[in-house]
Structure formats: structure tokens, C-alpha cells
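Undergrad: Mind folding the following:
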Amino acid sequence: MSPDDERSSRRAVLQACGGALATGLTALSGCGSLPPLGPEIKYGSVTVPTAGEATYQKWLPAAETFPPAADVDDGYDVQVYAPPPDAAPDWTRNNYQRHHLVSSTDFVGVGIDDVDLALGTDVAAVLLGDIPTLDVHETLAQTSYEPVGTDGNYEIYTRPDTERAVGVSSDAVVFGTGSPARENLTTVLAARRGDVPRYDAQNSDFATVAAHTGVRRWAWLWPGEIRGTFRRYENVKADIEGLGMAFDHDESGAYYVETWLFPSEYDVTVGEVKTALKQHGQAVNATAVDVDVSGRTATIAMTAPIEEFREDYSPGALTPSVTWSAKYSADAQRLTITHEAGDSIPLDTLTIQDHGVDPIETGPGVGERLDPGELLTVTTAQFEAGATVRVLYEPSHEQPALLLYEYELP
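TA: From the prediction side, this is the model:
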């Protein structure tokens with residue numbers, strides 16, 4: 001998927017979110033919400049847990065420092081995910097940000113839920129924490145990744161079969177994606193060293209939204225390029241120039257917080273923000289909604305009891321993290337897909353998008369689950385030249401299918 005296609009897809013998700021103040025357990029095919037409120041929104045004081053500082057900004061290069069082919073000149077959105085403790089229930093992990101990060105990275109010996117913080121952009125992703133470098137290098141050796149040198153204290157690997165590169169150090173795993181993947185990775189590492197300008201220095205809207213949003217269980221920040229996304233609304237939200245969305249929870253409740261950034265000439269009021277919320281008609285069924293305005297920034301916070309939250313939302317299955325590879329035989333009209341590393345996946349949850357028959361065959365020794373080192377084969381006779389074969393994960397009929405892997409046929 002190209003950066004343009006991926007941005008369009010995420011913008012569609014965002015527009016679905018924008019009509020409703022989304023819950024923290026965002027449906028992975030879009031932004032879900034709890035049932036709409038009654039005629040009156042329940043306004044009241046909401047004490048949200050203190051957010052962590054957005055120190056991840058040092059990993060984000062200014063948009064213009066990326067290669068032109070990255071196509072992020074106008075700015076980019078940022079996804080942030082802070083994994084909960086190991087003993088936490090799955091619903092605390094089930095969110096669009098985790099799914100996006102799993103989809104835009106490969107499993108290389110350390111998972112999304114094994115690090116302290118993960119963040120992703122259109123063309124890069126970063127996993128931060130104590131990295132088990134020995135495990136990572138051993139895992140990479142079992143995949144299609146090949147060592148190609150170093151960049152500072154990072155060992156760099158690239159893949160010959162897809163636009164993806166990875167840098168490994170003791171405190172971070174950094175992925176470059178899209179075209180050109182290695183140059184995108186190099187730009188992120190340069191920003192971390194301070195060798196190129198950073199995003200918060202280049203984009204004041206991003207700096208403001210990031211400072212107000214901070215670090216919570218997950219966050220999604222849209223600076224600059226958010227303009228016009230909500231123009232269908234006949235209220236002040238149509239004019240926002242930056243948006244931050246975040247979810248958090250503690251023993252007292254679940255919390256969702258939005259930050260709306262208005263143009264510098266705006267003199268927005270609490271009343272105008274409340275009017276916008278009422279006109280949407282889809283705010284979540286929260287115990288309380290709290291609105292605060294400071295300068296050109298509005299903050300909307302809401303809360304619901306944990307038990308009520310759990311009862312009203314079924315989290316579904318988590319997106320598995322896997323490194324895939326594929327080989328295509330035009331003569332045989334067959335695409336062989338190998339599970340190189342990562343999570344075991346039940347075979348009955350895998351389907352091929354837009355295919356009229358069940359075209360999946362398994363390789364030798366494959367049982368009810370697809371494990372590392374095992375393969376499956378897809379017949380491609382029904383696909384046209386240049387078509388994209390997409391492997392989907394569909395753990396239940398109630399949960400939308402999720403994209404796990406795609407391969408463009410010659």
C-alpha cells in the first residue's frame with residue numbers, strides 16, 4: 001500500500017471518528033463508539049489521569065527532511081501506543097493504533113506489546129525500550145532481511161522483496177517503510193541524533209497538539225493536514241487545524257480526550273464547542289463530559305466506569321504480528337506465502353480478499369495453525385496481472401477482517 005493510499009485509508013477512519021467522540025476501544029476497521037447519548041450530554045468535571053510527556057518527538061523528523069519520494073511534504077499524522085502491563089486484559093490493547101503499528105512493522109524478535117512505547121508515521125515506526133538485541137538478530141537471520149551495514153550504533157537490515165528496512169540498537173528498533181525505505185529509516189535516525197530538523201520545530205501545530213495530548217494508552221495526532229477533514233460540519237469543528245485523540249484508563253474508569261486546535265485568529269468559546277458536540281449527535285454514552293478552552297485550544301474529556309465500558313464493548317481478537325515473505329510462479333499461477341517469524345495464527349481465520357473460492361492450500365506439516373517456517377499457497381488464476389493479493393485475518397464474523405499481508409502480482 002502506497003503512503004497516499006494508507007493516508008487516505010486513515011483519513012477515512014478519522015472522519016468516522018470525527019462524527020463521534022470515539023471510545024478507547026476503537027473498532028479496527030474504523031472508529032466505533034458506545035451508544036449515542038440521549039437528548040442532553042452529561043456535562044460535569046472529569047479528572048483524567050496525568051499524561052506522560054511527549055518525549056517521543058525527538059524521533060520525528062521535519063516533514064521536508066524526508067526524501068521527496070516519501071511524499072510527506074505537507075505533514076504527517078503520528079500514532080502512539082503505550083503497551084499496558086503483561087497482566088492487563090486484552091481490551092486495553094485492542095485499538096486502531098496497535099493494529100496500525102503491527103501492520104506497518106515486521107516481527108523481528110520483539111513484539112509491539114513487549115516495548116515501553118511504540119510510534120508510527122506514514123513511512124516509519126519506532127519501538128522503544130530495552131531491546132533483546134541477540135533475539136532480534138537471531139530472528140532476523142531466519143527471515144528475508146539481510147544485513148547491509150551500520151548507521152551510528154544501529155545495525156541496518158533491508159529486504160530484497162519489499163520496501164522495508166530496520167535498524168536495531170539496545171534501546172530501539174526502527175523501521176523504514178514505503179519508498180525509499182532505507183532513506184526513510186536514515187532520516188528518522190538522523191532526527192534522533194539532532195542532525196536534521198525535527199517535526200515539532202518545523203510544525204508549530206504539531207508541537208501544540210503533542211504537548212496537550214501527551215502520552216496515554218494510545219494517541220493519534222493530526223496536525224496541519226487535518227484542515228478540511230470535517231468541513232461537512234456546520235460548526236466550529238469544521239475549522240480545526242490540528243487534532244489530538246487519546247485514550248487512557250485506571251482503576252476508577254476509562255477516559256477519552258480530544259484536543260481541537262483552531263486557527264490563531266479564532267476566539268473559540270466553551271459554548272461553541274458544546275454546540276458542536278450536540279450537533280454531532282454521536283458522543284459516547286459517558287458518565288461525564290468536560291470541556292475546557294484555552295486560547296486556540298479546546299480540550300474535551302469524558303469518562304465511563306470500567307465495568308460499564310467492558311460490558312458495552314467487545315474487544316475481539318488482537319492483530320497477530322508476523323513477518324511474511326512470498327514467491328510467485330507465473331507458470332503455475334501460484335503464490336507461496338511463508339510465515340517467517342511471529343505469532344501463531346489459526347488457519348481458519350485466514351482468507352483472501354475478493355476471491356470467489358477458497359484458494360488457500362497449506363504446505364507440508366501444517367496443522368490447525370500456521371507457525372513460523374510454515375507456508376501456504378494461493379492459487380492466482382482468478383487474479384488479473386498487476387492485481388494485489390491480500391491475506392486477511394478474520395477471527396470471527398462479528399469482527400471486521402484485518403489486513404495481514406499484501407503482494408502485488410507482476
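
Undergrad: Compute the number of surrounding residues for Ala276.
TA: 22 (other CB atoms under 10 Å). (Glycine included, C-beta is placed from N, CA and C.)

Undergrad: dump the residue contacts of Thr139.
TA: Phe107, Val108, Gly109, Thr323, Ala341 (CB atoms under 8 Å, 6 or more residues apart in numbering).

Undergrad: Save those residues as a markdown table, and put in neighbour count, distance to Ser204 and secondary structure too.
TA: Converted to a markdown table, the contacts of Thr139 look like this (neighbours: other CB atoms under 10 Å; distance: CB to CB, whole Å; DSSP: H, G, I helix; E, B strand; the rest coil):
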| residue | neighbour count | distance to Ser204 | secondary structure |
| --- | --- | --- | --- |
| Phe107 | 21 | 37 | coil |
| Val108 | 27 | 35 | coil |
| Gly109 | 23 | 38 | coil |
| Thr323 | 24 | 38 | strand |
| Ala341 | 23 | 41 | strand |
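
Undergrad: Just give the closest residue to Ala69, not the sequence neighbours.
TA: Nearest non-adjacent residue to Ala69, counting by CB to CB, 6 or more residues apart in numbering: Ser179, 5.3 Å away.

Undergrad: er, Val136 actually
TA: Val136's closest residue in space is Gly109 (CB to CB, 6+ apart), at 3.9 Å.

Undergrad: who's in contact with that neighbour?
TA: Pro132, Asp135, Val136, His137, Glu138, Thr139, Leu140, Ala341.

Undergrad: Adding pLDDT, distance to Tyr405 and secondary structure, write those out as CSV.
TA: Output for the contacts of Gly109, formatted as CSV (pLDDT from 0 to 100; distance: CB to CB, whole Å; DSSP: H, G, I helix; E, B strand; the rest coil):
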residue, pLDDT, distance to Tyr405, secondary structure
Pro132, 97, 25, coil
Asp135, 97, 23, helix
Val136, 98, 21, helix
His137, 98, 23, helix
Glu138, 98, 22, helix
Thr139, 98, 17, helix
Leu140, 98, 18, helix
Ala341, 97, 13, strand
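
Undergrad: Which of those residues sits closest to Pro61?
TA: Nearest to Pro61 among these: Val136, at 23.4 Å, using CB to CB.

Undergrad: shouldn't that closest one be in contact with Val110?
TA: Yes: using CB atoms under 8 Å, Val136 and Val110 qualify as a contacting pair, with a distance of 5.9 Å.

Undergrad: joint contacts of those two?
TA: Contact with both Val136 and Val110 is made by residues Val173, according to CB under 8 Å, 6+ apart.

Undergrad: Dump the contacts of Thr139 to TSV, plus distance to Val166.
TA: Converted to TSV, those look like this (distance: CB to CB, whole Å):
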residue	distance to Val166
Phe107	11
Val108	6
Gly109	11
Thr323	10
Ala341	12
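
Undergrad: So which of those residues is the closest to Pro372?
TA: Of the contacts of Thr139, the one sitting nearest to Pro372 (CB to CB) turns out to be Ala341, at 5.2 Å.

Undergrad: Verify the contact between that closest one and Gln142 for me.
TA: Yes: with contact defined as CB under 8 Å, Ala341 reaches Gln142; the gap is 5.9 Å.

Undergrad: Touching both of those two, which residues are there?
TA: Pro372.

Undergrad: Tell me, how many residues neighbour the residue nearest to Ala69?
TA: Close neighbours of Ser179, defined as other CB under 10 Å, add up to 16.

Undergrad: what sits against it?
TA: Ala69, Ala70, Glu163.

Undergrad: Name the residues that touch the helix or strand Val148 falls within?
TA: Taking DSSP states H and E as the definition, Val148 sits inside strand 146-151. Under the criterion CB under 8 Å, 6+ apart, residues Leu140, Glu155, Ile156, Tyr157, Thr158, Arg159, Pro160, Gly167, Arg182, Leu185, Thr186, Leu189 lie in contact with strand 146-151.

Undergrad: cutoff 10 Å now
TA: Contact partners of strand 146-151, identified using CB atoms under 10 Å, 6 or more residues apart in numbering, comprise 137, 140-141, 155-160, 165, 167-169, 174, 182, 185-186, 189-190, 193.

Undergrad: residues of that strand that come out buried?
TA: Using 16 or more other CB atoms under 10 Å as the test for burial, strand 146-151 gives Asp151.

Undergrad: Are we agreed that Lys278 is in a helix?
TA: Yes: looking at Lys278 with DSSP: H, G, I helix; E, B strand; the rest coil, it is inside a helix.

Undergrad: That one reaches Asn235, doesn't it?
TA: Yes: between Lys278 and Asn235 there is a contact under CB atoms under 10 Å: 8.9 Å.

Undergrad: For Thr379, see how far away the residue lying farthest from the centre of the chain is.
TA: Ranking residues of the chain by C-alpha distance from their mean position (CA atoms, centre = their mean) puts Asp331 at the top, at 37.4 Å. If you measure Asp331 against Thr379 using CB to CB, to the nearest Å, the figure is 13 Å.

Undergrad: where along the stretch 1-150 of the chain do the strands fall?
TA: Per DSSP state E, counting those that start in this stretch, the stretch 1-150 of the chain carries strands over the ranges 78-81, 117-120, 124-128, 146-151.

Undergrad: Would you tell me which of the ones you listed gets closest to Ala301?
TA: Closest among the strands of the stretch 1-150 of the chain, using CB to CB: strand 78-81, at 17.8 Å.

Undergrad: and that closest one, average pLDDT?
TA: Summarised as a single mean, pLDDT over strand 78-81 is 96.
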